[in-house]
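A.B. asks: Could you work out the structure for the sequence below:
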Amino acid sequence: MNIFITYGGLISPLGNNVNDNFKNMLEGKSGISVTKNTGFNNEDLPLGKINNIKGENRFDKLLSKLCDKLVLDFNKSIFKDKKTLFIVSSTKGNLDDLPNDTFSSTRRILKEKLNVKNEIIIISNACISGVIAVNTAADYIKYNKYNNVVVIGIDALSNFITYGFQSLFALSNEASKPFDKERKGISIGEAAGCLILSKKELNNIFSVIYVGGSSSNDANHISGPSRTGEGLYRSINKTFNRANINEKEIDFISAHGTGTIYNDEMESIAFNRLKISNIPMHSLKGYFGHTLGAAGVIELITCIKMMEKQTLLKSLGFEEQGTSMKLNITKKNYKSRLSKILKTASGFGGGNASLILKLKE
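C.D. replies: The predicted structure is shown next:
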């Protein structure tokens, strides 16, 4: 059985819909800009902030905005269908609701805006949440639990998140440069995106086929990746086996690429061990910043758009190789046959996840 996957919506500092985001990415624009008077000492930090969302409850406002877009673009019957499941990928939810349940407003907004009938599943597994959510959605369809699964990836900026990454000395003082020799760390961002997985193609909407995916935990450290890339290595190996695909069939890799010294190095080692480091690849963190629980979803949206346009996007910020194992990082946009794409993600707690998308035959 084929599982079709398409993009629903995308809101980021680069635009309020998928097409505007992709257009700006093709033009080499970054959504990362300097935010003044933030962080521990009211510094000026480069963040991927959506400037037209003001005040408190940024998370709720961002989610509401995405829901309004979905209502305009899709037949509302799909959202209230009892055979449609909603999965939300997020690391924190609405932190303004603390000490209460930070996902209570998420459930309320989805039920009010989209008339959701089923219980909403929350997946919060650090920065692999988005890829895990899509893999979980595919399993629900594969085993005939639901006909459609709507996956929403969302996280919003807050002092809590900024302070946390500052305490780890992981924030860069300039826009993130994944895999580059001069990379200095992460640029945190915020975004909301939606993917729809279905047994049947949605009318008049470009879709690709979800082939398979997996996850693995290297249990190395609460915030540090395995020095051998073991967790990512195992996850990608399992994904190849489940998808019954040889690594030589992959046309492109959309890597996690946070821009930190250790993450990018770990990925280069894992890709080298798998003998896929020669395949063209990029990181999208230079465009959006690291959007945490939203990252996997919005980066998969971009992958689907690349497959639709048969165009590779460059890895923004990359100029010179900065990892011990050589990688084939894209330095410019160019047209290329994109039949199969591998998407990877890594996160705190040793989590690693991957999946493969392919064009319809």
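
A.B. asks: Could you tell me whether Leu300 really is in a strand?
C.D. replies: No. Secondary structure assignment places Leu300 outside any strand; it is helix (DSSP: H, G, I helix; E, B strand; the rest coil).

A.B. asks: Report the separation between it and Asp68.
C.D. replies: 22 Å (CB to CB, to the nearest Å). No exception for glycine: its C-beta is placed from N, CA and C like everyone else's.

A.B. asks: again, but for Lys314
C.D. replies: Using CB to CB, one gets 32 Å for the distance from Lys314 to Asp68.

A.B. asks: out of these two, which sits in the busier spot?
C.D. replies: The residue with more neighbours, out of Lys314 and Asp68, is Lys314; 18 against 13, by other CB atoms under 10 Å.

A.B. asks: element containing that one?
C.D. replies: For Lys314, there is no host helix or strand (DSSP states H and E).

A.B. asks: correct me, but it touches Tyr287?
C.D. replies: No. Using CB atoms under 8 Å, Lys314 is not in contact with Tyr287; the gap is 9.8 Å.

A.B. asks: Could I get the full set of strands for this structure?
C.D. replies: Under the criterion DSSP state E, the chain contains strands at 3-11, 33-38, 43-47, 84-89, 121-123, 148-155, 191-198, 208-217, 252-254, 281-282, 311-312, 334-335, 340-347, 351-358.

A.B. asks: Am I right that Ser176 is in contact with Phe318?
C.D. replies: No. Here Ser176 does not reach Phe318: they are 10.2 Å apart, not a contact under CB under 8 Å.

A.B. asks: Identify the contacts common to those two.
C.D. replies: In terms of CB atoms under 8 Å, 6 or more residues apart in numbering, Ser176 and Phe318 are both contacted by the residues Gly286.

A.B. asks: Those two: which is more packed in?
C.D. replies: Here Ser176 and Phe318 are compared on neighbour count by other CB under 10 Å; more neighbours surround Ser176, at 31 against 24.

A.B. asks: OK, contacts around the more buried one?
C.D. replies: If you count contacts by CB under 8 Å, 6+ apart, Ser176 has them with 32, 46, 183, 185-187, 258-259, 285-286, 289-290, 317.

A.B. asks: Kindly give a single PyMOL line that selects the buried subset of these.
C.D. replies: Selection of buried members from the contacts of Ser176 for PyMOL, criterion 16 or more other CB atoms under 10 Å:
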select buried, resi 32+46+183+185+186+187+258+259+285+286+289+290+317
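
A.B. asks: Out of the contacts of Ser176, which is nearest to Asn144?
C.D. replies: Top of the list for closeness to Asn144, among the contacts of Ser176 and by CB to CB, is His290 at 35.7 Å.

A.B. asks: what about the strands of the chain, which gets the closest to Ile161?
C.D. replies: Nearest to Ile161 among those is strand 148-155 (7.8 Å), distances taken as CB to CB.

A.B. asks: hmm, back to that, would you list the contacts of Ser176 in JSON lines and tack on distance to Asn75?
C.D. replies: Converted to JSON lines, the contacts of Ser176 look like this (distance: CB to CB, whole Å):
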{"residue": "Ile32", "distance to Asn75": "35"}
{"residue": "Pro46", "distance to Asn75": "40"}
{"residue": "Arg183", "distance to Asn75": "44"}
{"residue": "Gly185", "distance to Asn75": "43"}
{"residue": "Ile186", "distance to Asn75": "39"}
{"residue": "Ser187", "distance to Asn75": "37"}
{"residue": "Thr258", "distance to Asn75": "37"}
{"residue": "Gly259", "distance to Asn75": "40"}
{"residue": "Lys285", "distance to Asn75": "34"}
{"residue": "Gly286", "distance to Asn75": "36"}
{"residue": "Gly289", "distance to Asn75": "33"}
{"residue": "His290", "distance to Asn75": "34"}
{"residue": "Gly317", "distance to Asn75": "39"}
